[in-house]
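J.: kindly generate the corresponding structure for this input.
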Amino acid sequence: MSSIAQLVSEIAHSVQQADSVPVRRAIKLSIIHSRNELIRKSYDNNKTVDKVLQQRFRLTLIDVPDGDLAGTQNLPLVNIKRTLNKVPRATRLDNNLPFLSVRTAGLRRPISIPFVKEASSGFYNSLPGMGNIISYDLINDYVYVDTTKNQAMSDLGSIIIESPFEQPHLIRTETSDGILNIEDVSDEDEFLIPEDMINSIKKMVLETFNPQVNRQTNEIPTSNLVK
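T.: Now for the predicted structure:
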């Protein structure tokens, strides 16, 4: 895999604006857009996402009152679970699901959590075999987990989410050896783009990027010695 800085540099030289910081920033965004577009097209064609493009990470859950609205903390409402922080946005796929997988951690007896819209979650009590199921919904970039139908899951403290994400460099990598600090991630590091996607991304960026657009900057221009 290549670093995103390397791809930006190659494309910036192709359009003969290697020294322009605004152009390089625009190219970086175009690379990310093109990557997600290729993932979407691949899913539309094959109804699957390559495992190499999927990332997983853990999200901490907290108790909030049902509805999670301001001023409801002291009302006699049941508690549900909500992620402590907003969730990075996953690459949008044509399957009406926010993520490919939401589950508890581990290999032994993991519990898969299905996606059910908040307004429909209560009706699952009436479905045979679904009365004690827990479910999740994505609202305003927070994941809400309905554990009201299964009190055994009321102590659930975290969930695992797996999916391709729009900004893969923002996904925190965590193993038993420790947690990778996002602040340590650089554009010089390998980016989550397989080698077979690089040429397609370059082609898409060059076809859509307009080097004639005037991008204002306060930098001091220098001559391009690579021309």
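J.: tell me the buried residues in the lengthiest strand in the chain?
T.: Longest strand in the chain, counting residues (DSSP state E): strand 55-65. For strand 55-65, burial by neighbour count (16 or more other CB atoms under 10 Å) applies to 55-57, 59, 61, 64-65. To be clear about C-beta, it is placed using only N, CA and C from the backbone, and glycine gets the same treatment.
J.: so which two of these are the farthest from each other?
T.: Gln55 and Pro65 (31.4 Å; CB to CB).
J.: and the lowest-mean-pLDDT helix or strand in the chain, what does it pack onto?
T.: Least confident helix or strand of the chain, by mean pLDDT, DSSP states H and E, is helix 118-121 with a mean of 84. On a contact count with 3 or more CB pairs under 8 Å, 6 or more residues apart in numbering; DSSP states H and E, helix 118-121 meets strand 135-139, strand 142-146.
J.: could you give the angle of the first one to strand 142-146?
T.: Taking axes from the mean of the first three to the mean of the last three CA atoms, to 10 degrees, strand 135-139 and strand 142-146 form an angle of 150 degrees between their directions.
J.: which other residues reach strand 135-139?
T.: For strand 135-139, the surrounding residues in contact (CB atoms under 8 Å, 6 or more residues apart in numbering) are 87, 98-99, 102, 113-118, 121, 124, 143-146, 159.
J.: switch the cut-off to 6 Å
T.: With contact meaning CB atoms under 6 Å, 6 or more residues apart in numbering, strand 135-139 is reached by 98, 102, 113-114, 116-118, 121, 143-146.
J.: from the residues you listed, list the buried ones, please.
T.: 98, 102, 113, 116, 118, 121, 143-146.
J.: any idea which of those is least confident?
T.: Here the lowest pLDDT out of the buried ones among the contacts of strand 135-139 sits on Ser121, with 79.
J.: could you chop this structure up by domain?
T.: 4-50+185-208, 55-163 (automatic domain parsing).
J.: let me have those in a markdown table, adding distance to Ile171 as columns.
T.: Below are those laid out as a markdown table (distance: least, CB to CB, whole Å):
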| stretch | distance to Ile171 |
| --- | --- |
| domain 4-50+185-208 | 9 |
| domain 55-163 | 5 |
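J.: of all those domains, which one comes closest to Ser176?
T.: domain 55-163 (11.5 Å).
J.: centre of the chain to the closest one, how far?
T.: Relative to the centre of its chain, domain 55-163 is centred 17 Å away, using CA atoms, centre = their mean, to the nearest Å.
J.: between the two ends of that domain, how far is it?
T.: 6 Å (CA to CA, to the nearest Å).
J.: and stretch 13-25, which residues are buried?
T.: 15, 17-20, 23-24.
J.: those residues in helices, which ones?
T.: 23-24 (DSSP state H).
J.: can you name the two of the buried residues of stretch 13-25 that are farthest apart?
T.: Val15 and Asp19 (11.6 Å).
J.: ok, back up a step: want to throw the buried residues of stretch 13-25 into a markdown table with pLDDT?
T.: Listed next are the buried residues of stretch 13-25 as a markdown table, based on pLDDT from 0 to 100:
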| residue | pLDDT |
| --- | --- |
| Val15 | 84 |
| Gln17 | 82 |
| Ala18 | 81 |
| Asp19 | 81 |
| Ser20 | 81 |
| Val23 | 86 |
| Arg24 | 88 |
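J.: just the buried residues of stretch 13-25 now: which is nearest Ala152?
T.: Arg24 (52.4 Å).
J.: with Val15 as the reference, measure out to that closest one.
T.: Using CB to CB, to the nearest Å, Arg24 is found at 10 Å from Val15.
J.: same thing with Arg103?
T.: 44 Å.
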